[in-house]
Each structure stands twice: as C-alpha cells, then as structure tokens.
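Undergrad: this one's sequence-less:
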Ligand code: GLA
C-alpha cells in the first residue's frame, strides 16, 4: 500500500520529495452503543483496515488534497487563509476541520500541505472512515510540525472538529478507538471521565465478521441528534428527583425506581436503552475477562434487541442481517454497530461457521432487501502510525 500511495502522489503532485506516509485505522464497536454521549461505557477496537495518507509541507499557504477514493473529484484546493467549511470542499472538510481545530487550540499550522489519502474502509459503512481521516490528519500535523499532543488529544481534537466544524454532534468513541487502538485489544472506555482499560480479545476458534448493509448513511441526516436530545431531556427529568450527572450514573434498579418521572413513553425507552446498554457493556467486559465468550455473545444479542425495540435505530437492513445471523449455528453473538440506520453489523463467528455464515446471511439479505451485503473478516489493529 505504501508504494501504491507514493506512486499516486508522484502522479498527482509531481514528485514525492519530503513526503511521508501515514496510516490511521477504522474502528468497530463490540458493545456499548449510543452510550458515549450519555456518560456510559463503550467497548470498541481499532481495525487493521483504515486510511493511508501521504503528506508534505508546502512553501505557501495552499492546501491541496487528493483522495484515491474520490478520484472523480480530482485535486481539491483550499488555503490556510480561508479555513471555513464549504459544501464544494466535500470530504476535505474533515482534514480542514482538524487543521482549523489545531488553530483553535493554539497550534496554528504554519504552512500549506499536499495531502493524498487512500482508505480501505468501505465509505459510509459505519466503520468510522471520517474519524479515521480526522485522527490521521491530526497525526500528520503532529509529525510534520512537531505539535506537543498525545494520541488522546488527537481523539479530542478530532471530535471537536467534527462537532464544531462539520456540525456532527458525535460522542468521543470513534476518535478515541482510532487514536488509542491496540493490536488484539478492545478499549473499555468510560466516557464520563475518559478512564480506560485495554482488554485482550482472544477469540480462540472464532473471528469478528462485519456485514455491511450497503445502505448508506450519514450521521448528519440520521436521527442521531434527535436521540441525543431525547436522552438529554430524560436526564433533566430524572435530575428533578435524584442527583445524577448522566444517564450512565444509573443502573437498572435506580432507573426502574425513577423512570416514572419521565413524561413520555418514547423517552422512557430511549433512556432505558442508555442505562441498560451501559450495564450490559460492563457485564460484557467482565464476561470476557472470565473467558465466558458465550455470555459476551448473549449480551451482544441483547444489545441489538434494545437498539431495535427501545432505541429504534436499526431498520430492516440491519435487523435482517442480525436476525439471519442468529439463525446460523456457530454464531456466538451478532448486533448492529455504530450509529445505526444503515451501516454494519458485527458478529463473532466460530471459524468453521464463517463460510456458511457469509453464504446464508448474504443470500437471505439479498432476497429480502434486493441488493447484496458485503462481508469482512477483520482483525484488531494498532492506532495511527508513520510507515
Ligand atoms: C456514532 C458516533 C459515536 C457513537 C455511535 C453510537 O458512531 O460517532 O460517537 O455515539 O454513533 O454508539
């Protein structure tokens, strides 16, 4: 891949003098969905697929971007003197947002750059291609200009740029999972205070399989913000009767005790998901530590049911993929992953069942939905690096 991106860089930008090659992963969340903006826990991991980037400094203030994933867009040019987001800047609003965010944090980028990207994360799949580009950009800025930032800072800056520049109100999970990724480990992150722990994922005789629904989604046009608002409203209602900072401060028992104060049935369901999902995530990590992978799988399944029935963020595509997966012998657990409304499912499948899984789920999906799903057997990789 390094040779391929350098070759393209020369083709697009003339030569590869002073150019460096970088990589940042994509991520998949094993459990803990829609908990990261509710002060709960998440359990994602970085993948070995992700975004490759070639970058070098320029003598002027120009920013010249090229993506091998959107070759039809050609070179998209902007300037450090005008760092506003524009619709026609398309995907470059992500790296531009990070450059802007560094400036907001007192780290002004001193000169322009030539940047080429090539991602092997399926676009719009819910494996965080945009967070991968954000963390990659931050990592490039740190390396080229020597900014004193940790990988955790890169996650926070990425999220800040996504919230404030690209106006997507996401939580911290995606950028954190990518910036802090560790080979063969998932990250048990408490989003209330960003304390975290790496948990080894030793799936003896099984693998993580991602099924991509190919139903495109973007957080901006989804009901993501509506769900956030429903949870925030439910929290304010609960705060009238008990002292909590987030829904993540509640457990099943305290939620059942206080839920009658929430004035709408829909909000009760949303808050219930946030509280129970957080508890499921804590239990899932305990199960994993106790080598009880069957229980881990059951909790994944329960997570999907809650996202389907209480949080209502699945849809027929993700439900079909998961419900068909549950029918396959050798599937330990299966659920939607990411924001929902399209995107991917994540399943833990025994080695000997993987081929049957892909065939059976793939056939049933295409028959019901009318187009095919894509399947990826993935591995857990490290965070960003220079190649
Ligand atoms: C998206 C957001 C994350 C998180 C998930 C749902 O991926 O970017 O912050 O909220 O949805 O768990």
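TA: Thanks, I have it. All values reported here derive from a predicted model rather than from experimental measurement.
Undergrad: got phi/psi on the closest residue to the ligand within the stretch 201-350 of the chain?
TA: Relative to the ligand, the nearest point of the stretch 201-350 of the chain is residue 339 (3.5 Å; C-beta to the nearest ligand atom). Quick note: C-beta positions are derived from backbone N, CA and C, even for glycine. Dihedral angles phi and psi of residue 339 (degrees, to the nearest 10) take the values phi -70, psi -30.
Undergrad: in this model residue 311 seems to touch it, though I could be wrong.
TA: No - judged on C-beta atoms under 8 Å, residue 339 makes no contact with residue 311 at a distance of 10.6 Å.
Undergrad: any idea which helix or strand comes after the longest strand along the chain?
TA: Ranked by residue count and defined by DSSP state E, the top strand of the chain is strand 44-57. For strand 44-57, the following helix or strand on the C-terminal side (DSSP states H and E) is strand 62-67.
Undergrad: packing partners for that next one?
TA: Contact here means 3 or more C-beta pairs under 8 Å, 6 or more residues apart in numbering; DSSP states H and E; on that basis strand 62-67 packs against helix 2-13, strand 76-79, helix 93-104, strand 113-119.
Undergrad: pull out the buried positions in the host helix or strand of residue 26.
TA: Applying DSSP H and E as the criterion places residue 26 in strand 20-29. For strand 20-29, the neighbour count (16 or more other C-beta atoms under 10 Å) marks 21-29 as buried.
Undergrad: could you list every helix and strand in contact with that strand?
TA: For strand 20-29, the packing partners by 3+ C-beta pairs under 8 Å, 6+ apart come out as helix 2-13, strand 44-57, helix 129-145, helix 173-179, strand 344-350, strand 385-386.
Undergrad: picking up where we left off before, now distance to residue 247 and mean pLDDT too, for the helices and strands packed on strand 62-67, in CSV please.
TA: Below are the helices and strands packed on strand 62-67 laid out as CSV (distance: least, C-beta to C-beta, whole Å; pLDDT from 0 to 100):
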stretch, distance to residue 247, mean pLDDT
helix 2-13, 43, 97
strand 76-79, 40, 97
helix 93-104, 28, 98
strand 113-119, 34, 98
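Undergrad: could you export the ones you listed as TSV, including mean neighbour count and distance to residue 252?
TA: TSV is the format used below for those (neighbours: other C-beta atoms under 10 Å; distance: least, C-beta to C-beta, whole Å):
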stretch	mean neighbour count	distance to residue 252
helix 2-13	15	49
strand 76-79	18	49
helix 93-104	23	38
strand 113-119	23	40
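Undergrad: wait, residue 285 sits on residue 199?
TA: Yes - under the criterion of C-beta under 8 Å, residue 285 makes contact with residue 199 at 5.8 Å.
Undergrad: higher neighbour count, these two?
TA: residue 285 (21 against 18; other C-beta atoms under 10 Å).
Undergrad: give me the element that one is part of.
TA: Per DSSP H and E: residue 285 is located in helix 265-289.
Undergrad: pLDDT of the helix or strand just after that helix, averaged?
TA: Per DSSP H and E, the first helix or strand lying C-terminal to helix 265-289 is helix 293-309. Averaging pLDDT along helix 293-309 yields 98.
Undergrad: now check helix 293-309, is it near the ligand?
TA: No - on the criterion C-beta under 6 Å from any ligand atom, helix 293-309 is out of touch with the ligand, staying 9.1 Å away.
Undergrad: and stretch 88-99, by the same measure?
TA: No - Stretch 88-99 is not in contact with the ligand by C-beta under 6 Å from any ligand atom; minimum separation 12.9 Å.
Undergrad: about what we covered before: can you list the strands that the strand holding residue 26 pairs with?
TA: Applying DSSP bridges to the sheet, strand 20-29 is found paired with strand 44-57 (antiparallel), strand 385-386 (antiparallel).
Undergrad: distance between that strand and the chain's centre?
TA: Put simply, strand 20-29 sits 11 Å off its chain's centre (C-alpha atoms, centre = their mean, to the nearest Å).
Undergrad: mind listing what's buried in stretch 327-344?
TA: 328, 331-344.
Undergrad: same check, this time on stretch 307-325
TA: 307-308, 310-315, 317-325.
Undergrad: do the same with stretch 249-256
TA: Applying a neighbour-count criterion of 16+ other C-beta under 10 Å, one finds 249-250, 255 buried in stretch 249-256.
Undergrad: filter these down to the ones in helices?
TA: residue 255 (DSSP state H).
Undergrad: make a markdown table out of the buried residues of stretch 249-256 and add pLDDT and distance to residue 3.
TA: Conversion of those to a markdown table gives the following (pLDDT from 0 to 100; distance: C-beta to C-beta, whole Å):
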| residue | pLDDT | distance to residue 3 |
| --- | --- | --- |
| 249 | 98 | 51 |
| 250 | 98 | 52 |
| 255 | 98 | 54 |
